[in-house]
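Asks: Have a look at this fold, sequence not included:
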């Protein structure tokens, strides 16, 4: 029994790392540009496809392909921000949401048209390798994804805390007009934020490919998970996103194993709503001011 | 007066629509009208909490609750759907009560996400709870035609039923809008704290608006269950079909206005059908791609929706300039 | 019922060549489909967009190859066959499109759809309006259990899948694992949509009378990112074999994680993802030896499936690739049956005549491209179609059971399947 629980914990943590990774880009976008990006999962999907094709055509290892995928997705993010979001920055929140719904439809079907509906996977020499830590089996690509997630989060945290860009992000997130008055080029910053968020989604996609499968509609579930994680952790808080991911991952793992695999998603959704009721700005939310993303 | 004239217009439209089936005999076209009416009802219901600035994406939850309630009562207990519809409303209201703490405590997109989670949880539970809902295999309503069974051989009865449902939904929405209650909501949308300072119990307003919305949606779900006659969780609790689509119609039509939902549904529903019919076999996915592009473009060019375009037009054509009944208060 | 041998294709004898079939005709007042001049128009409802796009399109291709082949051989009663296509990604669309095809296009015969949910809805429309509906690929039992007069199905339903699996276990697998059927421990891991759920239920129904013990049943979400909990739960129940009912991504994930967690019991797939080349390509060694039951696939005793090779060649020519799954073959078979029945009814699409033709029409197993026979029961279900058992061996999905259809003997490979 102990063995089982230990294995479930490990599985949950690894899964949580993946969730946090997927959500990291959304945290930047949601936190800075303040929009609910319904197309976030599609950005991950594009990253996955890019990784797949780099591997299947040129044999490039998924981890290596990050060097190409991240900048490519950064570009995509900048374009999306410029063409889709920027024209409606002053529109209602719901309008922005629906612009991203439209974007999600466009990207999903773009993938369907270009790549077809087939399921694509990448197979590397290490895809199925496991490390045994005692009686616990740990899948190597998932472990790598987790470790990279940690490193990424540390990096993002430093970025936000110690660099000018990071502080500018925070300033704009808290109060756009004042930031503007203080001389921050808000629109440029948004481009950067969206680009960075998309790049992170791309990285997540690349790290997922050794053990996941890509198909045009794969993004839908990723988007939902990303939102739950970001909001649970506290909008704009990188550590919160990481911890939120881990919590969701553990909840998923435990409820799947001890309740039913069919109920794991429902369980963490319920957990999500309950936590929000107790702490409306998320577990580690910065408090008043940051949950006012709203409608005004 | 503007209001009387718009009421007259609505009545005239109703009369025209009532006569349509005499001329339009094809079940497919009738089906499109029925879709438009259902969506008008759904969108108008979604729109009621929007008066108060609350954007819910949980409608699919109420729709599914209502649908399954009516279907299960009929198939398992022989309860006639007309009565089942009342039970459906009740169950939907109960569901809404579950969400009310979120409604009150959570701001903006946080509430939106919570409502979305709510709908998803219901869908997943419907899949899991096979004993009650038939799980993914779903429920089929047997073909026993008769008005008491809400089952018919042609689409004509449902044409009128759905028209009545739509009229009811829009009517309720219109009435709320015009009463003090509606003003309270709009005041809360503009500035929640100021409204509270004026003595308005905004939380209660939001909750009541939300209950109306859920109840109407549940009722629509009950009827739709008998229209589509096969129920399964991924359709009846579909976020895309019953949470996103009504909201989308509302935005395109003009969010927070009374007629926005009507116009939005009237435009977007046939658009989706025709895109699919004409483009569906040229290249798969093309119709959705274009639908997505249209959505982006419309949001960018007419954020106030069709209603705002019409307002501008009527002002330019010299009709009395009305104050924008469009929800300026909701725009950021 | 008098048996009728399968007719040879008619040889064209200078009948006027019609122009290539039209795609998606929409519009006002379609022509009457039917006898006497003019093409025979059949509605083809398949999901070619949305989540079911891949195999929906694949299914349609099989039906289309059958159409083209039959037209090259003179059509039906001298008339050319024309499909009126409709994309049906979701049930409400299925209903709407079925109504359109029946009322606008005035079609009297519909085929489709690959997905059980779509099939249920579309066929209800047809049934209520007395229009013929032939399902060529969806497997939910309920479809024909409803007993509608004008609704038929050419492919085997879910319970035949379960029956084949149980039979194989009883006759071969159990003894290979050193167990009597009454000692046999069977676990079921199934994705929780209609497909997985109904098959799982059928397996239970088929296993009970034989005495197999079902030690765990684990439903899961096909889109889950991690199936470790499923593997752990199954492993805990100590099964001799795990029957998996999965789509593409979960079939892959399940096999991988089963190996990672040392599940130890062979996996027995039930069509879906376990039949796709992607499965073995991605999973590699961990997939070697995995059993599967599905529609007829392409490594099968060709003596038992005359016409299969020609079908594969036609597919390659038309689409520049190998068939992606057995769905195209199943739809090819089904469409041909429909054409034969219409030929029997002298080209009439009227439901009474079609119904009579259906009753009169039987075919022996081993004489069609899928190896299936034809014999419709009173619910419209073809009872002579049986899914074969296959096994992944060295990257190929080979048929191993029953003997008439097999190209290789089944063999236990490794321990984790």
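Replies: Received the coordinates, thanks. This is a predicted model, so every value here is computed, not measured.

Asks: Could you double-check that residue C:360 lies in contact with residue C:343?
Replies: No. Residue C:360 is beyond contact range of residue C:343, at 11.6 Å (criterion: Cβ atoms under 8 Å). For glycine as for every other residue, the C-beta is placed from the backbone atoms N, C-alpha and C.

Asks: which of these two has more neighbours?
Replies: residue C:343 (19 against 15; other Cβ atoms under 10 Å in any protein chain shown).

Asks: Quick check: residues of the stretch 151-300 of chain C near chain B?
Replies: Residues of the stretch 151-300 of chain C lying near chain B by Cβ under 8 Å from any Cβ of the partner chain: C:192-198, C:219, C:221.

Asks: mind listing which of the residues you listed are in strands?
Replies: In strands, judged by DSSP state E, the following of those are found: residue C:219.

Asks: Compile the residues of the stretch 151-300 of chain C next to chain B into JSON lines and extend it with columns for pLDDT.
Replies: Shown next, in JSON lines, are these (pLDDT from 0 to 100):
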{"residue": "C:192", "pLDDT": "90"}
{"residue": "C:193", "pLDDT": "86"}
{"residue": "C:194", "pLDDT": "84"}
{"residue": "C:195", "pLDDT": "86"}
{"residue": "C:196", "pLDDT": "91"}
{"residue": "C:197", "pLDDT": "90"}
{"residue": "C:198", "pLDDT": "88"}
{"residue": "C:219", "pLDDT": "94"}
{"residue": "C:221", "pLDDT": "91"}
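
Asks: Check the residues of the stretch 151-300 of chain C next to chain B and tell me the two furthest apart.
Replies: Farthest apart among those by Cβ to Cβ are C:198 and C:221. That separation is 16.6 Å.

Asks: who has more neighbours, these two?
Replies: Neighbours per residue (other Cβ under 10 Å) separate residue C:198 from residue C:221, with residue C:198 holding more: 26 against 23.

Asks: residues contacting the closest residue to that one other than its chain neighbours?
Replies: Once flanking residues are discounted, residue C:198 sits nearest to residue C:158: 4.9 Å by Cβ to Cβ, 6 or more residues apart in numbering or on different chains. Contact analysis of residue C:158 by Cβ atoms under 8 Å, 6 or more residues apart in numbering or on different chains lists C:139-141, C:195, C:198-199, C:202.

Asks: Helix or strand: which one has residue 46?
Replies: You didn't say which chain, so I picked chain A. Following DSSP states H and E, one finds residue A:46 within helix A:40-58.

Asks: hm, I was asking about chain B
Replies: Going by DSSP H and E, residue B:46 is in helix B:27-51.

Asks: now the strands for the chain?
Replies: All of this is about chain A. A:120-121, A:130-133, A:136-139, A:213-214.

Asks: Let me rephrase: I mean chain C.
Replies: Secondary structure of chain C by DSSP E: the strands cover C:40-46, C:81-87, C:109-112, C:132-135, C:151-153, C:185-191, C:213-220, C:241-245, C:267-269, C:291-294, C:362-363, C:374-375, C:388-393, C:396-401.

Asks: possible to save these as a markdown table with distance to residue B:163?
Replies: Conversion of those to a markdown table gives the following (distance: least, Cβ to Cβ, whole Å):
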| stretch | distance to residue B:163 |
| --- | --- |
| strand C:40-46 | 28 |
| strand C:81-87 | 26 |
| strand C:109-112 | 29 |
| strand C:132-135 | 30 |
| strand C:151-153 | 31 |
| strand C:185-191 | 40 |
| strand C:213-220 | 41 |
| strand C:241-245 | 43 |
| strand C:267-269 | 49 |
| strand C:291-294 | 47 |
| strand C:362-363 | 50 |
| strand C:374-375 | 46 |
| strand C:388-393 | 53 |
| strand C:396-401 | 54 |
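
Asks: could you dump the ones you listed to TSV with mean neighbour count?
Replies: Listed next are these as TSV, based on neighbours: other Cβ atoms under 10 Å in any protein chain shown:
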stretch	mean neighbour count
strand C:40-46	28
strand C:81-87	25
strand C:109-112	28
strand C:132-135	29
strand C:151-153	26
strand C:185-191	26
strand C:213-220	20
strand C:241-245	28
strand C:267-269	28
strand C:291-294	27
strand C:362-363	20
strand C:374-375	22
strand C:388-393	26
strand C:396-401	22
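
Asks: residue boundaries of the helices in the stretch 51-200 of chain B?
Replies: Applying DSSP state H, counting those that start in this stretch to the stretch 51-200 of chain B gives helices spanning B:59-77, B:81-105, B:108-128, B:130-133, B:156-178, B:180-190, B:192-197.

Asks: looking at these, which is closest to chain A?
Replies: Closest approach to chain A among the helices of the stretch 51-200 of chain B is made by helix B:108-128 (3.1 Å; Cβ to the nearest Cβ).

Asks: The closest one relative to helix B:27-51, how many degrees between them?
Replies: If you take axes from the mean of the first three to the mean of the last three Cα atoms, to 10 degrees, helix B:108-128 sits at 130 degrees to helix B:27-51.

Asks: Point me to the residue of the stretch 251-400 of chain C nearest chain A.
Replies: The minimum distance from the stretch 251-400 of chain C to chain A, using Cβ to the nearest Cβ, falls at residue C:282 (3.8 Å).

Asks: What count of nearby residues applies to the nearest residue to that residue once chain neighbours are set aside?
Replies: Leaving out its chain neighbours, the residue that sits closest to residue C:282 by Cβ to Cβ, 6+ apart is residue A:121, at 3.8 Å. For residue A:121, the neighbour count with other Cβ under 10 Å is 26.

Asks: Tell me the spacing between residue A:121 and residue B:299.
Replies: Going from residue A:121 to residue B:299 by Cβ to Cβ, to the nearest Å gives 36 Å.

Asks: Does residue C:399 touch residue C:297 like I think?
Replies: Yes. With contact defined as Cβ under 8 Å, residue C:399 counts as touching residue C:297 (6.7 Å).

Asks: so what sits against both of those two?
Replies: Any residue near both residue C:399 and residue C:297 by Cβ under 8 Å, 6+ apart counts here, and that gives C:388, C:390.

Asks: related to what we said a few turns ago, tell me which of the helices of the stretch 51-200 of chain B sits most buried.
Replies: Highest mean neighbour count of the helices of the stretch 51-200 of chain B: helix B:59-77, a mean of 26 (counted as mean count of other Cβ atoms under 10 Å in any protein chain shown).

Asks: Whether that one contacts chain A - can you check?
Replies: No. Under the criterion of Cβ under 8 Å from any Cβ, helix B:59-77 makes no contact with chain A; the nearest approach is 11.4 Å.

Asks: residues contacting residue C:303?
Replies: residue C:366.

Asks: which non-adjacent residue is nearest residue B:296?
Replies: Spatial nearest neighbour of residue B:296, excluding adjacent residues (Cβ to Cβ, 6+ apart): residue A:102 at 4.0 Å.

Asks: Could you measure from that neighbour over to chain C?
Replies: Distance, residue A:102 to chain C, using Cβ to the nearest Cβ, to the nearest Å: 16 Å.

Asks: What number of residues are in the vicinity of that residue?
Replies: Per other Cβ under 10 Å, the neighbour tally for residue A:102 reads 25.

Asks: just for chain C, where's the confidence low?
Replies: Within chain C, the stretches with pLDDT under 70 are C:1-37, C:414-417.

Asks: Going along the chain, name the helices of it.
Replies: Counting by DSSP state H, chain C has helices at residues C:53-72, C:91-103, C:116-128, C:142-145, C:158-168, C:174-176, C:194-210, C:228-236, C:248-260, C:277-283, C:308-319, C:326-344, C:351-360.

Asks: Let's have the ones you listed in TSV, adding distance to residue A:61.
Replies: Output for the helices of chain C, formatted as TSV (distance: least, Cβ to Cβ, whole Å):
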stretch	distance to residue A:61
helix C:53-72	27
helix C:91-103	42
helix C:116-128	40
helix C:142-145	46
helix C:158-168	39
helix C:174-176	40
helix C:194-210	34
helix C:228-236	25
helix C:248-260	18
helix C:277-283	16
helix C:308-319	32
helix C:326-344	34
helix C:351-360	57
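
Asks: So for residue B:190, which of these sits nearest?
Replies: Nearest of these (Cβ to Cβ): helix C:91-103, 37.6 Å.
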